[in-house]
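In: The sequence and its predicted three-dimensional model are supplied below.
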Amino acid sequence: AAGVIQSPRHLIKEKRETATLKCYPIPRHDTVYWYQQGPGQDPQFLISFYEKMQSDKGSIPDRFSAQQFSDYHSELNMSSLELGDSALYFCASSLLVNGYTFGSGTRLTVV
Amino acid sequence: AQTVTQSQPEMSVQEAETVTLSCTYDTSESNYYLFWYKQPPSRQMILVIRQEAYKQQNATENRFSVNFQKAAKSFSLKISDSQLGDTAMYFCASHSGGSNYKLTFGKGTLLTVNP
């Protein structure tokens, strides 16, 4: 069965650089979610999209933005990176309330 | 807003024995969903079990079962016949049943299965 695909798996950036994370949801899933999991922390909700429109927003810094494209893939853009942005970033997708599935995550390291 | 509390930061169990992980939650929603996720060292987030709040019957998935006490807002996970591969961080999580399905996680319980 198709899963949620995230790329890249690992990313190393320097402070003040920009990073773009990509997420390809399960086909026919209508909602995409982004989560941030810091070292030793639980995942924190960042933002979600339903049918390509932003549906909810969590504790996402103003330096971060995201969008969902016509093919339903989503991108999380992070600018002016800080050391504290180093984390595992998960994307998940669902069809309404069903089939909630996580991708394998992108590990971002800011040096 | 929803909150999820896991009061056991770490637990250990002997292989083949049974262990129960605790979780309590708070919500003002009448319709909501509860989950247990497993996160092994690979950091993959794996769904273990899902419970719909309007269903009184406790969910079961092979060796994994829950004790859902709605009035007490308690949602514990029982792992029977523990295996070495069960060693992982376990997160309890919830989301509402309305139009917003963002997950709220507990702080997690690190479970170690000893041979």
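Out: All right, it came through fine. Note that the structure is a prediction, hence the values are computed from the model and not measured. Residues are numbered from 1 along each chain as shown, chains lettered A, B, ... in the order given.

In: What's opposite the spatially most central residue of chain B in the beta bridge?
Out: Centroid-nearest residue in chain B, with Cα atoms, centre = their mean: B:Trp36, separated by 3.0 Å. Beta-bridge partners recorded for B:Trp36 (DSSP bridges): B:Ile49, B:Cys92.

In: which other helices and strands contact the least confident helix or strand in chain A by mean pLDDT?
Out: Between all helices and strands in chain A, the lowest mean by mean pLDDT, DSSP states H and E belongs to strand A:98-102, at a mean of 88. Applying 3 or more Cβ pairs under 8 Å, 6 or more residues apart in numbering or on different chains; DSSP states H and E, we find strand A:98-102 packed against strand A:87-95, strand B:46-52. From N, CA and C alone the C-beta is placed, and that goes for glycine too.

In: Quick one: residues contacting B:Tyr33.
Out: Counting by Cβ atoms under 8 Å, 6 or more residues apart in numbering or on different chains, B:Tyr33 touches A:Val97, B:Arg50, B:Gln51, B:Glu52, B:Ala53, B:Ser94, B:His95, B:Ser96, B:Gly97.

In: swap that for B:Tyr90, sorry
Out: B:Tyr90 sits next to B:Leu21, B:Trp36, B:Tyr37, B:Lys38, B:Gln39, B:Val48, B:Leu77, B:Gly108, B:Thr109, B:Leu110, B:Leu111 when contact means Cβ under 8 Å, 6+ apart.

In: Just give me the closest of those to chain A.
Out: Comparing the contacts of B:Tyr90 against chain A with Cβ to the nearest Cβ picks out B:Gly108 as the nearest, at 5.6 Å.
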